[in-house]
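**Q** starting from these lines, generate the structure:
(one chain, ligands or ions: 1)
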Amino acid sequence: MTKVVDQFLGARFGAYCVDAVEFAAGLPDASVDFSVYSPPFSSLYIYSESARDMGNVSNDAEFQATYRHLLRELFRVTRPGRLTAIHVKDLVFYSNSSDDGSRGLRPFTMESLFSHLAEGWTYHRMITISRCPVKEMQKTKADRLLYKHFREDAARTGGGLAEYVLVFRKWAPGMDETPRVTHSREEYPLDTWQDYAQPAFFTQDLWPDMRETDVLNVKAARDGQDEKHLCPMPLDIAERLVRQYTNPGETVFSPFMGIGSEGFVALKHGRRFIGSELKESYFRQAVRNLREAEHDGQAALFEGDLPEGGATLASARGIGAIGAAAE
Ligand SMILES: C[S@@+](CC[C@H](N)C(=O)[O-])C[C@H]1O[C@@H](n2cnc3c(N)ncnc32)[C@H](O)[C@@H]1O
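**A** Numbers count the residues shown, from 1 in each chain. A predicted model of the protein is given here:
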């Protein structure tokens, strides 16, 4: 049975402190309208000492093998015709971690893409999120970004690392019965659609509304065990995805909820949310953020959209039983 360490049920959200794969395995078929999240970036960050922390892997192949269990469950729980979106980037490896002293990039983005294909998802879209290489150089002092090397040994230099959103669709029987996501001209004029359709989001110049610092505050969630940073998903990106790919009142799922960024946006825009997170301090911060967003997003809900009699999201979706097995 799924081991839920803690849980909090709001009127429109359910947050669970639990392993993502186990949690997803307990969700009913076709119960999720859209999932959006940043997976742990392989072994780049280990968030907790738990053996279930997906960052606790010895190499990228091991990560993808574990990750595929989740992708399989996500495919099952997603409504036919609907989508999943992940926020990823490529990773760097250094001379001291390679057998032959080489250094370069680990193609985490492509590996994650192929894992989705292997689990039945159809590749739907890639959005490039441009990041400032100067800021990256100042933060990381990466060899591959130094002007000194550009002048003296340019083969050592690379370029700034972008982030990507990969979107996949579930093509499956029953697609015609799944309600379509629709947008009115009034709420979404043509220029909004033209913005949303961009293949690249720039975090500077062209996209003044896309602030690199537009993330939920992670400081309050840190505990003494923290080894690295959380990397919260930028709210602007989550917002564009949730608004494009769901109707108000629909259910958004983040299996790696962290401090709740995807849910924060979903609730603010009148959607429902379910999230799983392994690390207790992040889970607690997520609950704080989700409660605030639920309160703020109440007005965005369509009349009569909530389950009757104060029923929780979990019971509305038939997942209440999962919460019964607290450790
Ligand atoms: C990239 S962070 C997600 C950040 C999140 N998008 C946000 O904005 O706060 C990945 C998260 O996955 C969590 N995690 C790692 N392994 C997990 C597992 N097996 N089940 C659930 N969560 C896990 C980590 O604790 C971390 O919070």
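
**Q** check the gap between A24 and V32 for me.
**A** Note on A24: its distance to V32, by C-beta to C-beta, to the nearest Å, is 9 Å. C-beta here means a position set from N, CA and C on the backbone, and glycine is covered the same way.

**Q** what is in contact with those two at once?
**A** Counting by C-beta atoms under 8 Å, 6 or more residues apart in numbering, the shared contacts of A24 and V32 are 74, 77, 253.

**Q** among these, which are located in helices?
**A** Judged by DSSP state H, helices contain the following of those: 74, 77.

**Q** quick one: buried ones out of the shared contacts of A24 and V32?
**A** The neighbour count (16 or more other C-beta atoms under 10 Å) marks 74, 77, 253 as buried among the shared contacts of A24 and V32.

**Q** let me know the closest of those residues to R151.
**A** Distance to R151 across the buried ones among the shared contacts of A24 and V32 (C-beta to C-beta) is lowest for L74, with 47.1 Å.

**Q** contacts only, for the closest one.
**A** The contact partners of L74, by C-beta under 8 Å, 6+ apart, come to 24, 32, 35, 84, 119, 253, 255.

**Q** biggest separation within the residues you listed, which pair?
**A** Once C-beta to C-beta is applied, these give E119 and F253 as the farthest pair, at 15.8 Å.

**Q** picking up where we left off before, buried among the contacts of L74? Make that a ChimeraX selection.
**A** Entered in ChimeraX, the line below selects the buried ones among those, by 16+ other C-beta under 10 Å:
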select :24,32,35,84,119,253,255
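
**Q** and the contacts of L74, which is closest to the ligand?
**A** Nearest to the ligand out of these is P255 (C-beta to the nearest ligand atom; 6.4 Å).

**Q** circling back to that earlier point, now tabulate the buried ones among the shared contacts of A24 and V32 in TSV and tack on distance to the ligand and pLDDT.
**A** What follows is these, written out as TSV (distance: C-beta to the nearest ligand atom, whole Å; pLDDT from 0 to 100):
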residue	distance to the ligand	pLDDT
L74	13	98
V77	15	98
F253	12	98
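
**Q** and the residue most central in space within the chain, its phi and psi?
**A** For the chain, Y37 is the residue whose C-alpha lies nearest the centre (C-alpha atoms, centre = their mean; 0.8 Å). Note on Y37: backbone dihedrals following degrees, to the nearest 10 are phi -170, psi 170.

**Q** which ones are touching it?
**A** With contact set as C-beta under 8 Å, 6+ apart, Y37 has these partners: 85-87, 233, 254-257, 262.

**Q** please report the distance of whatever residue of the chain ends up closest to the ligand from T84.
**A** Each residue of the chain has a distance to the ligand, by C-beta to the nearest ligand atom, and the smallest belongs to G258, at 2.3 Å. G258 sits 17 Å away from T84 when distances are taken as C-beta to C-beta.

**Q** that older thread, I'd like the buried ones among the shared contacts of A24 and V32 laid out as JSON lines, including distance to L278.
**A** Below are those laid out as JSON lines (distance: C-beta to C-beta, whole Å):
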{"residue": "L74", "distance to L278": "17"}
{"residue": "V77", "distance to L278": "19"}
{"residue": "F253", "distance to L278": "15"}
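
**Q** of all the residues you listed, which comes closest to A142?
**A** When the buried ones among the shared contacts of A24 and V32 are compared for distance to A142 (C-beta to C-beta), L74 comes out closest, at 32.9 Å.

**Q** related to what we said a few turns ago, closest one of the shared contacts of A24 and V32 to R271?
**A** Compare each of the shared contacts of A24 and V32 with R271 using C-beta to C-beta and the shortest gap goes to F253, at 10.5 Å.

**Q** that closest one contacts P28, doesn't it?
**A** No - contact status for F253 versus P28: not in contact, 11.9 Å apart, counting by C-beta atoms under 8 Å.

**Q** which residues are in contact with both of those two?
**A** Common contacts of F253 and P28 (C-beta under 8 Å, 6+ apart): V77.

**Q** gap between R271 and E294?
**A** 11 Å.

**Q** try L44
**A** Here the criterion is C-beta to C-beta. By it, L44 lies 31 Å from E294.

**Q** the two: which has the busier surroundings?
**A** Legend: neighbour count by other C-beta atoms under 10 Å for L44 and E294, higher for E294 (21 against 17).

**Q** doesn't the more buried one belong to a helix?
**A** Yes - going by DSSP: H, G, I helix; E, B strand; the rest coil, the assignment for E294 places it inside a helix.

**Q** who's in contact with it?
**A** Neighbouring residues of E294 by C-beta under 8 Å, 6+ apart: 10-13, 267.

**Q** how far off centre is stretch 142-154?
**A** 33 Å (C-alpha atoms, centre = their mean, to the nearest Å).

**Q** now it - C-alpha only, CSV.
**A** What follows is stretch 142-154, C-alpha atoms only, in CSV (Å, rounded to 0.1, in the frame of the first residue of the first chain):
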residue,chain,number,x,y,z
ALA,A,142,32.0,27.5,-16.0
ASP,A,143,35.1,26.9,-18.0
ARG,A,144,33.0,26.7,-21.1
LEU,A,145,31.8,30.3,-20.7
LEU,A,146,35.0,32.2,-20.0
TYR,A,147,36.1,35.0,-22.3
LYS,A,148,39.7,34.1,-21.5
HIS,A,149,39.2,30.7,-23.1
PHE,A,150,37.3,32.2,-26.0
ARG,A,151,40.4,34.2,-26.8
GLU,A,152,43.1,31.6,-26.0
ASP,A,153,41.6,28.2,-26.7
ALA,A,154,38.1,28.5,-28.1
